[in-house]
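Trainee: Give me the fold of what follows.
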Amino acid sequence: MRRIILAICATAAALVAILSFKSHTQAPLSAAPVSGAGAQPAAGGGAANSAAPQGAATAAASSKSAGPQAAGAAKTVTGAAWQTIYGPVQVKITVAGGKVTQATAVVYPVDTPRDYQINSYAIPQLNSEAVAASSAKIDTVSGATYTSGGYVGSLQSALNKAGL
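Mentor: Numbering: from 1, shown residues only. Sure thing, here's the model as predicted:
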């Protein structure tokens with residue numbers, strides 16, 4: 001009899017725990033640029049939060065191409081910052097001859113040690129896939145689904161600005 005009561009109580013407690021679980025939800029990605037106030041630049045290299053936030057004026061200046069260029073000359077374009085539930089992701093690409101020759105995530109979440117761990121693995125993979133594909137049709141990185149989604153959105157924005 002005691003075992004039955006214990007089993008019922010354990011089942012009820014497990015059911016309450018399962019039903020009270022709140023999972024993360026992702027806000028829909030929008031084409032509206034995110035201000036750089038809370039974004040971290042990727043070029044920190046040291047501790048996760050050692051880099052200074054990137055200002056909106058810097059982001060706006062870097063999104064413009066270097067001016068009139070000859071056909072086939074390299075052009076650098078920065079896509080819009082795409083908001084994910086963990087923070088914004090922004091991609092800068094270099095285009096030459098209608099192909100992406102370099103892709104770099106300039107802003108991505110590094111606020112927590114877990115963000116830093118995931119993105120230090122995912123961002124290089126996403127960068128190399130963007131160069132290989134020369135389009136936004138790239139695979140997401142397992143374990144970095146939100147970052148991958150933000151990366152693809154910002155990459156498509158940069159490709160659109162570059163005319164690809």
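
Trainee: For residue 4, give its distance to residue 12.
Mentor: Relative to residue 12, residue 4 is positioned 13 Å away (C-beta to C-beta, to the nearest Å). C-beta: built from backbone N, CA, C; applies to glycine.

Trainee: model confidence over the helix or strand where residue 11 lies, on average?
Mentor: Here residue 11, judged by DSSP states H and E, is contained in helix 2-19. For helix 2-19, the per-residue pLDDT values average out at 88.

Trainee: ok, and for that helix, which residues are buried?
Mentor: Across helix 2-19, burial judged by 16 or more other C-beta atoms under 10 Å covers no residue at all.

Trainee: Counting by contacts, list what it packs against.
Mentor: Judged by 3 or more C-beta pairs under 8 Å, 6 or more residues apart in numbering; DSSP states H and E, helix 2-19 is in contact with no other helix or strand.

Trainee: Just give me the longest helix of the chain.
Mentor: In the chain, taking DSSP state H as the definition, the longest helix is helix 113-133.

Trainee: following that one, which helix or strand comes up?
Mentor: Using DSSP H and E, the first helix or strand after helix 113-133 is helix 145-162.

Trainee: Quick one: residues in contact with that following helix.
Mentor: 26, 29, 31, 63, 65, 75, 77-86, 88-93, 95, 100, 103, 105, 108-109, 118-119, 122-123, 126, 130, 135-136, 138, 140-141 (C-beta atoms under 8 Å, 6 or more residues apart in numbering).

Trainee: Tell me the confidence at residue 45?
Mentor: For residue 45, pLDDT reads 37.

Trainee: How about residue 144?
Mentor: The predicted local confidence for residue 144 is 88.

Trainee: Quick check: it touching residue 120?
Mentor: No: using C-beta atoms under 8 Å, residue 144 is not in contact with residue 120; the gap is 10.2 Å.

Trainee: quick one, which of those two is more surrounded?
Mentor: Under the neighbour definition other C-beta atoms under 10 Å, residue 144 and residue 120 were set side by side, and residue 144 has more, 22 against 13.

Trainee: separation between the more buried one and residue 106?
Mentor: On the measure of C-beta to C-beta, residue 144 and residue 106 end up 17 Å apart.

Trainee: for residue 20, same thing?
Mentor: For residue 20, the distance to residue 106 - C-beta to C-beta - is 39 Å.
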